[in-house]
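Asks: After the sequence you'll find the predicted model.
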Amino acid sequence: MTDLANNTYFITGGGSGIGLATARRLLDEGANVVIAGRDAGRLEKAVTKLDGGDRVLSVTVDVSRPAELEAAYDQVRARFGVLHGVFANAGIGLNARTADVTEEDFDQIVSTNFKGAFFTVQKALPLLAEGSSVVLNSSWLVHRGMGAASVYAASKAAVLNLPQTLAPDLAGLGIRVNAVTPGHIRTEMFDAVAPAEEVREFFRGQVALGSLGTPQDIAETVLFLLSPRAAYITGQEFVVDGGLVGSVPA
């Protein structure tokens, strides 16, 4: 696919997992990538793995702080001048029963997952070229309840609602907005929730295809949504879950 060559894409949570896999695929297609995250050391390692030379820029940013996002986009403007797409992928998890959630927990989850996604998009608007694409990362927990994930799931439900309103709002600027909803994807965050093999086997058993997803599985969908091949798609959710939320395993 050559229609992404020389375009520039901004990825939050780009230092590992789904964000890093998406950056890899974009580089493979000839694009420039900006990977953003809070951990400068992780970003440095990611840049080394990507080995993209001048086509890769890393910026340290806490997406819950709009001023830091503005500063990050200033760096993008200085290096590349314009953006052709944004993948608002950054997020943090919380595994806690309702009675155990603290106000600090609540504020941290909502500020990173929802506020961070919203302002990642808003602050990018001056840089986004006509025909650009925005993809937001939701979660399968929007569709299936889990007792220890009330605040996390609610924050992701808010993220999933954004394409429905941002799509018509930004259509006049020629900007498309969609969401990708991953299922059980084997990332560092997943391994933290399911460190033991028996726990991973439990999650695997919920999936119709009988396997856990990989970051590359999600990256392929994001790549499509960022590309001109999805030029007539906006305001939509793409569930990539191996049949987790819509099927009962045989």
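Replies: That came through fine.
Asks: quick one: contacts for the most centrally placed residue in the chain?
Replies: Per CA atoms, centre = their mean, the C-alpha nearest to the average position across the chain is that of Asn89, at 1.9 Å. Residues near Asn89 by CB atoms under 8 Å, 6 or more residues apart in numbering: Ile11, Thr12, Gly13, Gly14, Ile18, Gly19, Thr22, Asn137. C-beta: built from backbone N, CA, C; applies to glycine.
Asks: Got the phi and psi for it?
Replies: Dihedral angles of Asn89 (phi, psi; degrees, to the nearest 10) stand at phi -110, psi -20.
Asks: helix, strand or coil for Ala36?
Replies: strand (DSSP: H, G, I helix; E, B strand; the rest coil).
Asks: Give me the number of neighbouring residues for it.
Replies: Using other CB atoms under 10 Å, Ala36 has 31 neighbouring residues.
Asks: now do Thr98
Replies: Neighbour count for Thr98, taken as other CB under 10 Å: 10.
Asks: Quick check: it touching Ala149?
Replies: No: Thr98 is beyond contact range of Ala149, at 10.0 Å (criterion: CB atoms under 8 Å).
Asks: elements contacting the longest helix anywhere in the chain?
Replies: Assignment by DSSP state H gives helix 150-170 as the longest helix of the chain. The contact analysis (3 or more CB pairs under 8 Å, 6 or more residues apart in numbering; DSSP states H and E) places helix 150-170 against helix 103-110, helix 116-124, strand 128-137, strand 176-182.
Asks: what sits up against the second one?
Replies: In this case it means helix 116-124. By CB under 8 Å, 6+ apart, helix 116-124 touches 10, 12, 63-64, 66, 69-70, 73, 83, 86, 88, 90-91, 134, 136-137, 159, 162, 166, 177.
Asks: Tell me the buried residues in the least confident helix or strand in the chain by mean pLDDT?
Replies: Least confident helix or strand, the chain: helix 188-193 with a mean of 75, by mean pLDDT, DSSP states H and E. Neighbour-count burial for helix 188-193, counted by 16 or more other CB atoms under 10 Å, picks out Met189, Phe190.
Asks: go on, stretch 80-96?
Replies: Under the neighbour-count criterion of 16+ other CB under 10 Å, stretch 80-96 has 80, 83-94, 96 buried.
Asks: what about that stretch, how long is it end to end?
Replies: Distance across stretch 80-96, first residue to last, is 42 Å (CA to CA, to the nearest Å).
Asks: Tell me the secondary structure of Ile218, please.
Replies: Assignment for Ile218 (three-state DSSP): helix.
Asks: neighbours around it, how many?
Replies: For Ile218, the neighbour count with other CB under 10 Å is 28.
Asks: begin at 20 from here
Replies: Okay, using 20 as the starting number, the last item reads as Ile237.
Asks: Contacts only, for it.
Replies: Contact analysis of Ile237 by CB under 8 Å, 6+ apart lists Ile37, Ala40, Thr41, Asn156, Val199, Pro201, Ile204, Val259.
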